[in-house]
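In: got a predicted structure plus its sequence, pasted below:
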Amino acid sequence: MKKKLLILDDEKNIIDSLGRALNGLDMELITSQEPEKAVELIKEHVPQVVITDLKMPKMDGLEFMEKVKEFNGNIQIIMITGHGTIDDAVTAMKKGAYDFIPKPFNKQEIIAVVNRAFEKTALLEENFLLKEKLRLNQSPNFEWGKNRAFKSLIERAGQAAASDATILILGESGTGKEVLAHYIFSNSSRAHRPFITVNCAAIPENLLEAELFGYKKGAFTGAYQDKKGRFQEANGGSIFLDEIGEMPLAVQPKLLRILQEGDATPVGGATQKVDVRIIAATNKNLRKQVELGLFREDLFYRLNVIPLQIPPLRQRPEDLHSLISYFISKYCKKNKKQNLSIHADALRIMENYSWPGNVRELENAIERAVILCLGHQITPEDLPDELSNGGGAGMQVSIGSGMTMDEIEMMVIRNSLKKNHGDKAKTADELGISIRTIYRKLEAIAGAEAAAEAPASE
């Protein structure tokens, strides 16, 4: 790639002087006396190095540098400074400038600084290309998908990835909503920018707003310093809001504001503009949530620009064998084992199981089997007991006549917790609800039991 250098200074004699000093270098020289025009030239030519005056009438060097870095953070910026602006130059370096050239100019010093700046840009670009190669190698692929509905879904996801449209991924727990979100991000124009993941159900309601939008020092007790929110961290990139159906009503207007205006407001602070592509996911029926008054209708329509519904594994039997092979290969490599085959009896058990936990449950079962397998084949003994015993029929509960829905719900949660040895996260996945809901239901159960045991008032 040809080297390109842009010089910005409101004084033409300075531009000419620098041009003569750098005349012997093999590079394309672009010049401008106007900062706004220089910004456009940078977007057009993408130089690796920029030399700019620090003091200019229409826009100072710091503001200009901010615009350049916003466009491309790899571009190295060298400041021109007079004797009275050395302190300002040091400040500029702290804010991202590569170096500064004091007036009057020393030709050899200018050449040395510019050459080092080109080397720095080349190193950053090489690092970026290596990261891109790694990203592409690690990007999820769905070559194993044979189910027609699933293949159609991946095609739509690929088309959606090329846009900046908001995407809502729908599907049961364990179907791979986060994997699909990574696929969309990896195939988008923002793939080299931040990708921030937030599980809305895993953060307490009273902390979610501050976590998403940040806060200013002193905004509340314990806010000892400013803190960036996840949206500020994702600026220029993408954010994945998992379990969006669990977002409290009080926080939803702020998310709507970002979708409508690009405005993020920290707790106790001033509104900031952010440029973030939103991918959301839920295992809930958001239309039903809207009807129940638990989710804003306007927010739902803003999120539902491109809905992607992932079919559950039980509806994709043709994908099962390919997934089993994929996960066996993955966990044999991870555990440094030779590639295992699977016994016909074990395969039959897996084919007859309904996989209520979907692909996540299948992956966990294969990982366990690979670790426990002592021979060259995975046998029924290597599989989790529930695959052989339950056939995926689900948990059986005895429902008595006259029981209320709350009582039935309490019984199902208790039985699932007992089956999972008190593991609330696993229970939440199994029942298709959030872990926050599990805690809320347990509090309700405890409250009901305490009320039942309390002595009657005289």
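Out: The structure has been received and is ready for your questions.

In: the closest residue to residue 308 other than its chain neighbours and residue 369, how far apart?
Out: Closest residue in space to residue 308, ignoring its immediate chain neighbours: residue 169 at 5.0 Å, by C-beta to C-beta, 6 or more residues apart in numbering. No exception for glycine: its C-beta is placed from N, CA and C like everyone else's. Using C-beta to C-beta, to the nearest Å, residue 169 is found at 29 Å from residue 369.

In: cool, and residue 312?
Out: Taken as C-beta to C-beta, the span from residue 312 to residue 369 is 22 Å.

In: of these two, who's got more company?
Out: residue 369 (25 against 17; other C-beta atoms under 10 Å).

In: hang on, that one in a strand?
Out: No: secondary structure of residue 369 (DSSP: H, G, I helix; E, B strand; the rest coil): helix, not part of a strand.

In: please name the residues that touch it.
Out: By C-beta atoms under 8 Å, 6 or more residues apart in numbering, the residues touching residue 369 are 346, 378, 382-383.

In: cutoff 10 Å now
Out: By C-beta atoms under 10 Å, 6 or more residues apart in numbering, the contact list for residue 369 reads 324, 327-328, 331, 340, 342, 346, 350, 378-384, 387.

In: what does the pLDDT read for residue 97?
Out: Per-residue confidence (pLDDT) for residue 97: 88.

In: what are the phi and psi angles of it?
Out: Main-chain dihedrals, residue 97, degrees, to the nearest 10: phi -70, psi 150.

In: how many residues are close by it?
Out: With other C-beta under 10 Å as criterion, residue 97 counts 22.

In: which residues are in contact with it?
Out: Residue 97 touches 50, 52, 54, 61-62, 65, 69, 76-79, 89-91, counting by C-beta under 10 Å, 6+ apart.

In: ok, so what distance separates it from residue 165?
Out: Taking C-beta to C-beta, one finds residue 97 at 37 Å from residue 165.

In: just residue 216 next, same as before
Out: 32 Å.

In: what of residue 199?
Out: 23 Å.

In: number of residues surrounding residue 66?
Out: Residue 66, neighbours per other C-beta under 10 Å, totals 14.

In: quick one: mean pLDDT for the helix or strand harbouring it?
Out: Assigned by DSSP states H and E, residue 66 belongs to helix 61-71. Helix 61-71 carries an average pLDDT of 87.

In: which residues does the residue nearest to residue 308 bridge with?
Out: With DSSP bridges applied, residue 169 shows beta-bridge pairing to residue 281, residue 308.

In: how far does stretch 52-63 stretch from one end to the other?
Out: 11 Å (C-alpha to C-alpha, to the nearest Å).

In: returning to what we had before: between residue 199 and residue 165, who's got more neighbours?
Out: residue 199 (17 against 13).

In: give me the nearest residue to the more buried one, chain neighbours excluded.
Out: That would be residue 242: by C-beta to C-beta, 6+ apart, it lies 4.7 Å from residue 199.

In: how is this structure divided into domains?
Out: 4-134, 148-311, 314-389, 405-452 (automatic domain parsing).

In: any regions of the stretch 1-150 of the chain where pLDDT drops low?
Out: 1, 83-86, 89, 128-141, 144 (pLDDT under 70).

In: and the strands in it?
Out: Per DSSP state E, counting those that start in this stretch, the stretch 1-150 of the chain carries strands over the ranges 4-8, 28-32, 49-53, 76-81, 99-102.

In: how about a markdown table for those strands, with distance to residue 318 added?
Out: Below are the strands of the stretch 1-150 of the chain laid out as a markdown table (distance: least, C-beta to C-beta, whole Å):
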| stretch | distance to residue 318 |
| --- | --- |
| strand 4-8 | 53 |
| strand 28-32 | 55 |
| strand 49-53 | 55 |
| strand 76-81 | 53 |
| strand 99-102 | 60 |
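
In: out of these, which gets nearest to residue 356?
Out: strand 76-81 (54.9 Å; C-beta to C-beta).

In: quick one: that closest one to strand 4-8, angle?
Out: Orientation note: strand 76-81 sits at an angle of 30 degrees relative to strand 4-8 (axes from the mean of the first three to the mean of the last three C-alpha atoms, to 10 degrees).

In: which stretches of the stretch 351-458 of the chain form strands?
Out: Using DSSP E, counting those that start in this stretch, strands in the stretch 351-458 of the chain cover 377-378.

In: for it, which spans come out with low pLDDT?
Out: 389-408, 432, 445-458.

In: 90 - rerun?
Out: Residues of the stretch 351-458 of the chain meeting the criterion pLDDT under 90: 354, 374-375, 385-458.

In: and the helices in it?
Out: Assigned by DSSP state H, counting those that start in this stretch, the stretch 351-458 of the chain shows helices spanning 358-372, 385-389, 405-419, 424-431, 435-453.

In: picking that back up, can you count the residues close to the residue nearest to residue 308?
Out: Each residue near residue 169 was counted by other C-beta under 10 Å, and the total is 27.

In: check contacts around it.
Out: Counted by C-beta under 10 Å, 6+ apart, residue 169 has contacts 153, 157, 175-181, 184, 240, 242, 244, 279-283, 306-310.

In: out of those, which are buried?
Out: Among these, those classed as buried by 16 or more other C-beta atoms under 10 Å are 153, 157, 175-178, 180-181, 184, 240, 242, 244, 279-283, 306, 308, 310.

In: residue 159 sits in which helix or strand?
Out: Secondary structure (DSSP H and E) places residue 159 in helix 148-161.

In: which helices and strands does that helix pack with?
Out: strand 167-170, helix 177-186, strand 277-282, strand 306-309 (3 or more C-beta pairs under 10 Å, 6 or more residues apart in numbering; DSSP states H and E).

In: any buried residues in it, and which?
Out: For helix 148-161, by 16+ other C-beta under 10 Å, it's 150, 153-154, 157, 160-161.

In: contact partners of that helix?
Out: Helix 148-161 is contacted from outside by 140-145, 147, 165-167, 169, 171, 175-176, 180-181, 183-191, 277, 279, 305-311, 313, 315-316, 318-319, using C-beta under 10 Å, 6+ apart.
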